[in-house]
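Trainee: sequence-free structure coming up:
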């Protein structure tokens with residue numbers, strides 16, 4: 001035990017000697033979390049809090065045009081404009097403004113659109129009561145609502161807007177149909193009826209509810225993804241200094257001198273594990289404190305950790321052990337600093353990419369969704385997600401922690417086996 005204490009003190013002195021590298025281990029992940037969270041949060045607001053600039057030219061002040069315009073304005077989904085440079089725009093002016101990137105979407109509602117719907121509905125109602133063939137009726141002109149879209153606008157937004165306008169038009173047309181039916185019935189029959197529009201048409205409604213364990217509602221935000229995601233990324237990036245330190249000890253003879261003393265190779269590894277475990281947990285603590293206290297100062301959501309701190313700490317501890325185990329295996333197998341640095345950095349980026357750190361797993365191709373379950377960063381991220389977003393307890397996510405600890409043990413066994421082979425052949 002005394003030997004381990006001395007080794008821990010030695011490794012602590014080694015790691016604090018490189019103050020620049022130590023600062024990067026903490027400051028770079030913190031800066032990365034802040035930048036990525038700000039970018040994603042602003043993108044989220046741009047899509048959901050009136051961030052899309054839209055210009056509308058309503059040439060039909062009647063029912064259809066008024067309904068579409070009112071729904072768009074009241075949706076709080078767009079920055080809605082009705083003029084360009086203080087003047088009512090022409091259709092060509094809207095085309096030019098959208099093409100120049102001043103607006104993401106331009107909408108032009110044609111004149112007399114509502115009147116054309118009334119004429120078509122009136123003919124159809126007359127057809128129902130007269131028994132004439134459809135061919136005997138003149139076909140009304142079509143109604144075309146023009147959507148001018150900036151090519152940089154996402155397809156999902158375009159499809160959503162098209163669906164909404166189609167819904168508004170169908171709703172107006174339905175009201176006109178019922179009005180015409182009421183008028184025709186009252187004209188042809190002795191017993192008048194009240195306006196059929198008084199009948200409640202929307203019998204089916206829907207409600208969105210974010211569900212979580214314990215009947216709690218948790219609204220997901222960018223902070224709940226970025227804090228655990230980039231904490232895991234920072235933890236696994238200690239593989240580079242960890243492996244470099246091990247290689248340096250082998251090259252300058254420090255490891256050989258240590259092994260001549262009354263301490264085993266296992267004690268040396270335990271010392272390194274303890275020191276770097278402290279580094280990883282400090283990374284977790286600092287980034288979590290950023291999420292709780294610093295992010296709100298920048299207008300970002302606060303990370304809600306109340307009631308979850310134990311589960312989060314256990315998951316962070318398991319992730320730190322997985323990162324350290326991986327670092328020991330890379331440091332043992334790699335022969336030079338260049339090998340360790342290149343392999344460690346690229347492999348960590350790959351594990352992060354397939355693990356869901358860069359993009360969510362659910363939007364990956366099917367093959368990569370299957371591969372993602374092999375990444376220890378994916379296990380850690382799922383555990384953090386379940387706790388922060390789904391209100392899971394430690395017992396619900398402990399299996400992810402077990403996976404990461406088993407991964408760490410596997411890496412340690414590989415490192416010990418390779419170290420044994422190296423000693424036998426040297």
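Mentor: That came in fine, so what should we check first? Remember, predicted model here, so these are calculated numbers, not experimental data.

Trainee: for the strand or helix carrying residue 369, what is the average pLDDT?
Mentor: If you go by DSSP states H and E, residue 369 is part of helix 366-372. Helix 366-372 comes out with an average pLDDT of 87.

Trainee: Only the buried residues of that helix, if you could.
Mentor: residue 372 (16 or more other C-beta atoms under 10 Å). Glycine gets a C-beta too; all of them are placed from N, C-alpha and C.

Trainee: Kindly report the same for stretch 387-403.
Mentor: When neighbours are counted by 16+ other C-beta under 10 Å, the buried residues of stretch 387-403 are found to be 387-392, 394, 397-398, 400-401, 403.

Trainee: okay, among these, which ones form the most distant pair?
Mentor: Every pair in the buried residues of stretch 387-403 was compared (C-beta to C-beta); the two farthest apart turn out to be 391 and 403, at 21.3 Å.

Trainee: where exactly do the strands run in this protein?
Mentor: Ranges of strands within the chain are 52-58, 78-81, 105-109, 146-149, based on DSSP state E.

Trainee: contact partners of the second one?
Mentor: Read that as strand 78-81. Applying C-beta atoms under 8 Å, 6 or more residues apart in numbering, the external contacts of strand 78-81 come out as 50-56, 72-73, 103, 105.

Trainee: mind running it again at 10 Å?
Mentor: Strand 78-81 has contacts (C-beta atoms under 10 Å, 6 or more residues apart in numbering) with 49-56, 69, 72-74, 89, 94, 97, 102-107, 157, 161.

Trainee: Just give me how far it sits from the chain centre.
Mentor: Computed by C-alpha atoms, centre = their mean, to the nearest Å, the chain-centroid distance of strand 78-81 equals 25 Å.

Trainee: Just the buried positions in that strand, please.
Mentor: Neighbour counts over strand 78-81 (16+ other C-beta under 10 Å) mark 78, 80-81 as buried.

Trainee: Also stretch 56-70?
Mentor: If you call a residue buried by 16+ other C-beta under 10 Å, then stretch 56-70 has these buried ones: 56-58, 60, 62-65, 67-69.

Trainee: need the residues you listed in CSV with distance to residue 275 and pLDDT, can you?
Mentor: Putting the buried residues of stretch 56-70 into CSV (distance: C-beta to C-beta, whole Å; pLDDT from 0 to 100) gives the following:
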residue, distance to residue 275, pLDDT
56, 62, 91
57, 67, 92
58, 68, 90
60, 73, 87
62, 75, 81
63, 73, 78
64, 71, 78
65, 70, 83
67, 67, 79
68, 65, 80
69, 65, 83
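
Trainee: gap between the helix holding residue 369 and the chain center?
Mentor: In terms of C-alpha atoms, centre = their mean, the centre of helix 366-372 is set 18 Å apart from its chain centre.
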